[in-house]
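Trainee: Next input, structure requested:
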Amino acid sequence: MLTDDQRREAVASLLESHRTKVQGRRPSEMFPDIEIEDSYAISSMVAEAKVAEGRKVVGHKIGLTSKAMQASSKIDEPDYGYLFDDLVLQDGAKVPFENFCVPRVEPELTFILKEPLKGPGVGLVDVLRATEWVVPSIEIIDARVTEPRKIFDTVADNGAAAGIVLGGRPVRPDEVDLRWVGAIFYRNSEIEETGLAAGVLGHPAMAIAWLANKLGPFGTVLEPGHLMLSGSFTRPVWATKGDTLHADFGPLGSVAVQFT
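Mentor: A predicted model of the protein is given here:
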């Protein structure tokens, strides 16, 4: 485990990268003895600093929800980060490319809660019962630290959360079989990725259940009105200046974002 001073040093480095949009040193490079508990503590400290600056936590993002991504990160469970009010964008948003270090994008489903969720013991039906809307989305992820990143670095860096674009046709959780929600993901006019939401732990609602159960022992409740980004069911797609990324969710509509 790292000392408090070491954790604060990692936090300062990450906050500087957030400010300058220049990748900084990896926490695992700075402190080879880092453990996953340190990484979550660093992430929470960064979140606290952002709240102190005036940001508001409006939900959580869940990542590494597919077996392939878990294997690539050498971890056997998902990870999570915080969503802040200034990260929430609407369909068709134009975002300055200079706001990011190395942005990538992923199609996902966002769950908006109407009831609180607190683990342990939260299951699929509990999540569906507590969800008001499921919204087609694009997540923008950004690496504020250099390669080669390890899971310790991604977790410390708030799960690489950098933006969430909401759009399409929001649905009630019982309107469609969420496992079979698909997306065709375009960069400009070219198809880059396709996938089904079942790639997220077999059912995207299971990602929300995982998070509620993960945070429950710490007394953390997933709050009504909060956004829960359930994780990508495709590989991330690189974005460059001038690119438009467009996710076609079929009957659930589409959502797009442009990097200007």
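
Trainee: For the rest of this, base every contact and every neighbour count on C-alpha atoms.
Mentor: Will do.

Trainee: Going along the chain from the helix or strand of the chain with the lowest mean pLDDT, find the next helix or strand for me.
Mentor: Comparing helices and strands within the chain by mean pLDDT, DSSP states H and E singles out helix 67-73 as the least confident, with a mean of 65. Beyond helix 67-73 on the C-terminal side, the first helix or strand identified by DSSP states H and E is strand 79-84.

Trainee: Show the average pLDDT along that next one.
Mentor: With pLDDT averaged residue by residue, strand 79-84 scores 96.

Trainee: Now tell me what touches that strand from outside.
Mentor: Contacts made with strand 79-84 from outside it, assessed by C-alpha atoms under 8 Å, 6 or more residues apart in numbering, are listed as 43, 47, 55-65, 155, 158-161, 211, 227.

Trainee: in its sheet, what does that strand sit against?
Mentor: According to DSSP bridges, the neighbouring strands of strand 79-84, each with its direction, are strand 57-63 (antiparallel).

Trainee: Return the distance of the strand it pairs with from the chain's centre.
Mentor: Offset of strand 57-63 from its chain centre (C-alpha atoms, centre = their mean, to the nearest Å): 6 Å.

Trainee: now for the helix or strand in which Ala209 is found, which elements pack on it?
Mentor: Secondary structure assignment for Ala209, by DSSP H and E: helix 205-215. Under the contact criterion of 3 or more C-alpha pairs under 8 Å, 6 or more residues apart in numbering; DSSP states H and E, helix 205-215 touches strand 57-63, helix 124-130.

Trainee: let's see 7 Å
Mentor: Contact here means 3 or more C-alpha pairs under 7 Å, 6 or more residues apart in numbering; DSSP states H and E; on that basis helix 205-215 packs against helix 124-130.

Trainee: Would you mind naming the residues that bridge with His246?
Mentor: Tyr186, Ala256.

Trainee: And Arg129, how far from Thr244?
Mentor: When C-alpha to C-alpha, to the nearest Å is applied, the distance between Arg129 and Thr244 equals 35 Å.

Trainee: Name the residues that touch the helix or strand hosting Asp153?
Mentor: Counting by DSSP H and E, the element that carries Asp153 is helix 151-156. By C-alpha atoms under 7 Å, 6 or more residues apart in numbering, the list of residues contacting helix 151-156 from outside reads 26-28, 35-36, 39-40, 42-43, 73, 79, 160.

Trainee: ok, 8 Å please
Mentor: Looking at what lies outside helix 151-156 - C-alpha under 8 Å, 6+ apart - the contacts are 26-28, 34-36, 38-43, 73-75, 79-81, 143, 145, 160.
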